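> Here's my sequence, what's the structure:
(one chain, ligands or ions: 2)
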Amino acid sequence: MSKEIYENPDLKKERQNCPFNKEEITHLLDGGKEKTIERKQLENYILSDEQLKDAVPMEYLSHADKYAEELRKACLLMHKLADSPAGQVPTLRALMGAGLGSAVLKEGNPLALHYVMFIPALMGQGTIDQQAKWLEKAYNLNMIGTYAQTELGHGTFLRGLETRATYDPKTQEFILESPSLTAYKWWPGSLGKTANYAVVMAQLYTKGKCEGTHPFMVQLRDEETHEPLPGIVNMWLNPVCISSYIHYGTYVKPTNSKLSYATMVFVRVVVCQDVTTNLRKAVTIATRYSCVRRQSELKPGDREPQVMDYQAQQNKLLPPLAATFAFQLAADHLWNLYHTANNNIEQGDLELLPDLHGLSCALKALCSSEAANFVEVCRQSCGGHGYMSCSNFPRIYGQVTAAETYEGENTVLWLQVARYLVKTRKEQSGGLSVKYLIGEEKGPKTVDTTLEGIVKLYRRAAVGLVDVAIAELDKSGRKGEAPHDAWNHAAVYLIKAAQAHARLFVVESFVDSLKEGKLSAPVRTVLSQLCELFIIYWLLERSGDFFLCSNLTKQDLLLLNSKYVELLAAIRPQAVNLVDSFDLRDEVLNSPLGCWDGNVYQRLFDEAAKSPLNQSNVHESFHKYLKPLLKSNL
Ligand SMILES: CCCCCCCCCCCCCCCCCCCCCCCCCC(=O)SCCNC(=O)CCNC(=O)[C@H](O)C(C)(C)COP(=O)(O)OP(=O)(O)OC[C@H]1O[C@@H](n2cnc3c(N)ncnc32)[C@H](O)[C@@H]1OP(=O)(O)O
Ligand SMILES: Cc1cc2nc3c(=O)[nH]c(=O)nc-3n(C[C@H](O)[C@H](O)[C@H](O)COP(=O)(O)OP(=O)(O)OC[C@H]3O[C@@H](n4cnc5c(N)ncnc54)[C@H](O)[C@@H]3O)c2cc1C
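Ligands and ions are numbered 1, 2, ... in the order given. This next block holds a predicted model:
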């Protein structure tokens, strides 16, 4: 007789009478029905492989054993690439970052940097000949690379990197050296034990002149023995410059010195999607758990309610649920801009580069910081069980907060965005995403709290905060402050302006996607409710910006707050159906709190039983330490 599939009765009830087609949302998030089929095929292909399962939970392994186990599985995954039903590149993309890959490689993928940065650096910066020489070797995994830019002393300030590459015209070689302790490359993923090659960012010196940071291909380890090459510590190697700027000893300036930063732009773009995937996992875990967990007393004498029925819990979980759609749609828009800009750059047209740089910095900083805050709220919303390692919140949080630092520390990126906004506003010229800064803000200053009216408020705040920042800069200038001091003394306003710009882009992406999207009425209704909830939530959170830049009144705010709590109540019944639409398998969620069947308590108990400490009643340390203490009559 087939085993009755357990489903927690509360979750079962949540799923009854769903007013919209969950698959329609799944297809929307995957990019179409075909993509969903491909994704599910690939998930079955990977997750059904017993060799990719952990014999013991990773948290109980030593550091070295964790590394070895992740490397074993990563290499097995690469072997499975060749005959993957979804094809190599879609499989690779799925295996990197927060999605399918993290279901198998829970502590991280030792080969990630090879695909996420090393190969993109070759593709973006290498000459045709260099690509011919190295790309196939890299694709075939006959070499494992990383991207070595950050040093012990510098990560943000690339013009301050100390690693030097000096061109010797006699031998036509570059001599790479780390002139000081702080010049040692530090942080690059896979550099310690896995990679045998690296793209090393170094200051290029030729004919006694420093030409700035450039990428160099450097072999780190012997391809047979994997031993570090002689002198690897002080980096005396014969690297090759990965760029077409050295012609027979003469340096030829690139059309734009920032093209050597292109790999970072690519990763900032993909990080937006990656943190959104992590946020979707956290929201799914917390939402399902909040509908299984019954606690306290809402109505005196009644049964303990589902904690999701508390407005306070809805206020914690429904904005992050809405954010997963907002960030996905914005990341999709950014990805499209990246492709357009990249195609143009390949034709020598760099016009979109500043806009791409500005937007990729803005969205990477916004999505990573907002996702980190929301993941922590999801963790807290699950009480003590959310704090357990097996809940998967600690790992998800660690992955998302890392994204606030790597690929450009967020504050530094906000200031890059502000530089672009101020320049656009002053020069009255700029790319696609900053058109609203050109010309005077049109439309009435009065506030209307319709969706369109609220979007206009976001635009007004974005323009207004740039103008406030510029006024600060001008005020400092009038006091005789040098531009760099004036810039530093306006940093608080500059960062607010950059954040308002990023929020405007996300809000407009969400609203425009609902206008353009071919959606059924029920799906449009629920997504419109999420969109309105989210843009009101952010406005209420940042009301100071809107008071500063518009005629928003206390009455408007009270009206918006009433609308917000009405939307919480309206969306609450669909919370589980919405996270079910993400179609995240239990193995990807990797959390007893978030499993589809809601069998939380039994799964928590089973997880605890796996601990080595629970394999015996009395641990040997009792006899060694505790018993002597107990007998010592201190
Ligand atoms: C089988 C085949 C398969 C093949 C498949 C292959 C492909 C498969 C792919 C699969 C992918 C699957 C994905 C999976 C997801 C995984 C994600 C998660 C993993 C992520 C892991 C990542 C680990 C993390 C890695 C890292 O962490 S790697 C290190 C990151 N480190 C940084 O990010 C340093 C930050 N610092 C700076 O970026 C600079 O320092 C600084 C602040 C800009 C100042 O730079 P500076 O030179 O001082 O420039 P300024 O003087 O400020 O500005 C001067 C002028 O230049 C302008 N401008 C500055 N920049 C730029 C720029 N870019 N672009 C354009 N313009 C720029 C600026 O607008 C100004 O313009 P103007 O106003 O003059 O007009
Ligand atoms: C998990 C992880 C993986 C990584 N992987 C890699 C990798 O594979 N390859 C690689 O090369 N690097 C890697 N890095 C390094 C990463 O890119 C750097 O840590 C990052 O760029 C930040 O630089 P930093 O560490 O020098 O911080 P700093 O810039 O020293 O930041 C310290 C503080 O100074 C502030 N600050 C710095 N400059 C300014 C400014 N101009 N104005 C105002 N405030 C400023 C920052 O906001 C921050 O608050 C990784 C880092 C992490 C955490």
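> helix or strand for whatever residue of the stretch 151-300 of the chain ends up closest to ligand 2, which one?
Residue of the stretch 151-300 of the chain nearest ligand 2, by C-beta to the nearest ligand atom: residue 155 (2.4 Å). Where C-beta positions appear, they are placed from N, C-alpha and C, glycine not excepted. Assigned by DSSP states H and E, residue 155 falls within no helix or strand.
> residue contacts, it?
For residue 155, the contacting residues are 149, 187, 409, by C-beta atoms under 8 Å, 6 or more residues apart in numbering.
> Ignoring the adjacent residues along the chain, who's closest to the second one?
Spatial nearest neighbour of residue 187, excluding adjacent residues (C-beta to C-beta, 6 or more residues apart in numbering): residue 150 at 4.4 Å.
> for the one you found, phi and psi?
phi -70, psi 140 (degrees, to the nearest 10).
> pLDDT check: weakest of the contacts of residue 155?
Lowest pLDDT of the contacts of residue 155: residue 187, 89.
> Reduced to three states, what does it come out as?
coil (DSSP: H, G, I helix; E, B strand; the rest coil).
> Check the burial of it by counting its neighbours.
13 (other C-beta atoms under 10 Å).
> Who are the contact partners of it?
Residue 187 neighbours (C-beta under 8 Å, 6+ apart): 150, 155, 406.
> mind putting the residues you listed in JSON lines, distance to residue 358 and pLDDT included?
As requested, these are exported to JSON lines (distance: C-beta to C-beta, whole Å; pLDDT from 0 to 100):
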{"residue": "150", "distance to residue 358": "23", "pLDDT": "96"}
{"residue": "155", "distance to residue 358": "21", "pLDDT": "96"}
{"residue": "406", "distance to residue 358": "19", "pLDDT": "97"}
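> can you redo those as JSON lines with distance to residue 102?
Listed next are the contacts of residue 187 as JSON lines, based on distance: C-beta to C-beta, whole Å:
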{"residue": "150", "distance to residue 102": "23"}
{"residue": "155", "distance to residue 102": "24"}
{"residue": "406", "distance to residue 102": "16"}
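> among the contacts of residue 155, which are within reach of ligand 2?
Checking the contacts of residue 155 against ligand 2 by C-beta under 6 Å from any ligand atom, the ones in range are 149, 187, 409.
> Out of the contacts of residue 155, which is nearest to ligand 1?
Nearest to ligand 1 among those is residue 149, at 4.6 Å by C-beta to the nearest ligand atom.
> Please report how far the spatially closest residue to the closest one that is not a sequence neighbour lies from residue 215.
Distances taken as C-beta to C-beta, 6+ apart place residue 201 nearest to residue 149, at 4.0 Å, with adjacent residues excluded. Using C-beta to C-beta, to the nearest Å, residue 201 is found at 6 Å from residue 215.
> same thing with residue 183?
Distance from residue 183 to residue 215, by C-beta to C-beta: 16 Å.
> which one of the two has more residues nearby?
Ranked by neighbour count (other C-beta under 10 Å), residue 183 and residue 215 place residue 215 first, with 29 against 21.
> Does the more buried one touch residue 262 like I think?
No - Residue 215 is beyond contact range of residue 262, at 9.7 Å (criterion: C-beta atoms under 8 Å).
> any common contacting residues for the two?
Taking C-beta under 8 Å, 6+ apart as the contact rule, residue 215 and residue 262 both touch residue 125.
> who's in contact with stretch 368-386?
Under C-beta under 8 Å, 6+ apart, the answer for stretch 368-386 is 271-272, 275-276, 278-279, 282-283, 285-286, 289-290, 293, 295, 307, 313, 316-317, 319-320, 323, 327, 387, 391, 393-394, 396-397, 400-401, 403-404, 410, 593, 600, 604.
> Now that we have the residues you listed, which of them are buried?
The neighbour count (16 or more other C-beta atoms under 10 Å) marks 271-272, 275-276, 278-279, 282-283, 285-286, 289-290, 293, 307, 313, 316-317, 319-320, 323, 327, 391, 393, 396-397, 400-401, 403-404, 410, 593, 600, 604 as buried among those.
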